[in-house]
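Visitor: 3D, please:
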Amino acid sequence: HFEFLCFDDPEYVTDKPHVKAGLTWPSIHYALTTGVVGNWHPVTTLSHILDCQIFGVNAGPMHLVNAALHAANAILLFLVLRSMTGAIWRSAIVAAFFALHPLRVESVAWISERKDVLSAFFFLLTLLAYAKYGLESKVRSPKPEFTHPASRIPHRVSRFTFHAPRFYLLSLLFFTLGLMSKPMLVTLPFVLLLLDYWPLQRLRLETEDSRLKTLFREKVPFFALAAIFSVLTFYVQSRAGTTTLNAKFTLADRVSNALVSYVRYPGKMFWPADLAAIYPHPASRYYLRDQWPGWQICAAGLLLLAVSAFCLSQLRRRPYLAVGWFWYLGMMVPVIGLIQAGEQAMADRYTYLPLIGLVMSLVWLLSELARSQTNEASP
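Guide: As a prediction, this is how the structure comes out:
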């Protein structure tokens, strides 16, 4: 029964005649050609138009659609992790944490953040299709036999199967739809490379250079799409005037806030207290000080370096640590504030997909430690 918010909801729905008119040719043209609040995301705009076509300008059903998409995302996350690793309970724990954590509230309860839950839906479908492709086709494998990560049973698979190209094209299609829902997904090709190493095991440290080149070549269409949407987003934001905020924040302001925010987000994950709709940037007009204290900036930078070094040192023994950590670092890059859009220092909604990597690595680590303790305790 909750109503629309005064934050962004008018710009997305209630003040937009084309959206409120429902599904018409002019509204479709509007969705495909018009930026909204400095962003071009036609699939998200079309979803709002479709809501108005079915439910009218009614906030209640739109909240329910967001909630339904979030529930679907939790199920998809479970399916993605299970298909890649075969670990049912660990995958279920990660999915449950994702579904129920308080940091998810902003993305789900705010109608304007339909772009979060919708882009995540296509992001996870991309991973699911790519996992199917990766598991059914080994890239130029010198051996026709390999171990399926999910079943741990050797399978004999040819270099190219009937299904693999189809799933590869499906992953490209879902990636495109995800970018058209929210361009934050531009870092997805790097996530795919991480997953090639673990858990898909398509890439090993001792592997030949030819396989690494093949895997990079395989990602060229993904990188091309990411580059196109990055340029397009910068162009739309420039025309909307959102990038002029960079003039208000110096490079030092943005870098220092990025370092501190990289540490604050996991802090909110472990202890989700004092959550807010707006976290003012220290250099914004809403804050009483001009910058984070120097010791906090240095401590944050050293902590990030230390964790990165530890994860890399465990790369062979516990590859999931590096994959999860760099998933988090990489996916946060578009929204960490190096290119400032808005006057916020951070936002809960930005954690919707990046924190999956951290949770995944921690769940796998705790599971391994629990098993080792059990084995030591047994006679």
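Visitor: Val333 and Tyr350, how far apart?
Guide: Using Cβ to Cβ, to the nearest Å, Val333 is found at 11 Å from Tyr350. For glycine as for every other residue, the C-beta is placed from the backbone atoms N, C-alpha and C.
Visitor: And Leu195, by the same measure?
Guide: Per Cβ to Cβ, Leu195 is found 21 Å from Tyr350.
Visitor: picking that back up, okay, Val333 and Tyr350: which has more neighbours?
Guide: Comparing Val333 with Tyr350 by neighbour count (other Cβ atoms under 10 Å), the higher total belongs to Tyr350, at 23 against 16.
Visitor: Who's the closest spatial neighbour of that one, skipping the chain neighbours?
Guide: Val335 (4.3 Å; Cβ to Cβ, 6 or more residues apart in numbering).
Visitor: cool, and Ala109?
Guide: Closest to Ala109 by Cβ to Cβ, 6+ apart is His63, at 6.9 Å.
Visitor: Please apply the same query to Leu329.
Guide: That would be Tyr262: by Cβ to Cβ, 6+ apart, it lies 7.1 Å from Leu329.
Visitor: For the one you found, give me its contacts.
Guide: Residues in contact with Tyr262 (Cβ atoms under 8 Å, 6 or more residues apart in numbering) are Ala300, Leu304, Leu329, Met332, Ile336.
Visitor: residue contacts, the last one?
Guide: Just to be clear, that refers to Ile336. The neighbours of Ile336, taking Cβ under 8 Å, 6+ apart as the test, are Ala258, Ser261, Tyr262, Tyr350.
Visitor: circling back to that earlier point, which element, helix or strand, includes the residue nearest to Ala109?
Guide: Per DSSP states H and E, His63 falls inside helix 59-85.
Visitor: would you list every one of the strands in this structure?
Guide: With strands called from DSSP state E, the chain shows them at 145-147, 154-156, 279-280, 344-346.
Visitor: For the residue nearest to Tyr350, give its distance to Ala258.
Guide: 10 Å.
Visitor: what do these two both touch?
Guide: When Cβ under 8 Å, 6+ apart defines a contact, no residue borders Val335 and Ala258 alike.
Visitor: among the contacts of Tyr262, who's most crowded?
Guide: The residue in those with the most neighbours, by other Cβ under 10 Å, is Met332 (24 neighbours).
Visitor: need the contact list for the nearest residue to that one once chain neighbours are set aside.
Guide: Spatially, and ignoring its direct neighbours in sequence, Met332 is nearest to Pro354 (4.8 Å; Cβ to Cβ, 6+ apart). Shown in contact with Pro354 (Cβ under 8 Å, 6+ apart): Tyr265, Trp327, Tyr328, Met331, Met332.
Visitor: Ok, Gln314 next?
Guide: With the criterion set at Cβ under 8 Å, 6+ apart, Gln314 makes contact with Leu321, Ala322.
Visitor: again, but for Pro221
Guide: Counted by Cβ under 8 Å, 6+ apart, Pro221 has contacts Leu172.
Visitor: Distance check, it against Ser171.
Guide: With distances taken as Cβ to Cβ, Pro221 is found 10 Å from Ser171.
Visitor: before we move on, what about Ile278?
Guide: Counting by Cβ to Cβ, the gap from Ile278 to Ser171 is 36 Å.
Visitor: just Leu32 next, same as before
Guide: Distance, Leu32 to Ser171, by Cβ to Cβ: 23 Å.
Visitor: More neighbours: which of those two?
Guide: Set Leu32 next to Ser171 and count neighbours by other Cβ under 10 Å: Ser171 wins out with 24 against 13.
Visitor: Return the per-residue confidence for the more buried one.
Guide: What the model reports for Ser171 is a pLDDT of 97.
Visitor: now Ala345
Guide: Ala345 is assigned 87 on the pLDDT scale.
Visitor: Skip the chain neighbours and tell me the closest residue to Gly60.
Guide: Nearest non-adjacent residue to Gly60 (Cβ to Cβ, 6+ apart): His1, at 6.0 Å.
Visitor: on that earlier part again, quick one, what contacts the residue nearest to Tyr350?
Guide: Taking Cβ under 8 Å, 6+ apart, we find Val335 in contact with Met184, Ala347, Tyr350.
Visitor: In helices, which of these fall?
Guide: With helices defined by DSSP state H, no entry of these lies inside them.
Visitor: Closest to Ala96 out of those residues?
Guide: Nearest to Ala96 among the contacts of Val335 is Tyr350, at 21.2 Å by Cβ to Cβ.
Visitor: Quick check: that closest one touching Met332?
Guide: Yes - assessed by Cβ atoms under 8 Å, Tyr350 is found in contact with Met332 at 6.9 Å.
Visitor: Number of residues surrounding the residue nearest to Thr24 when sequence neighbours are not counted?
Guide: Leaving out its chain neighbours, the residue that sits closest to Thr24 by Cβ to Cβ, 6+ apart is His18, at 8.0 Å. By other Cβ under 10 Å, 18 other residues sit near His18.
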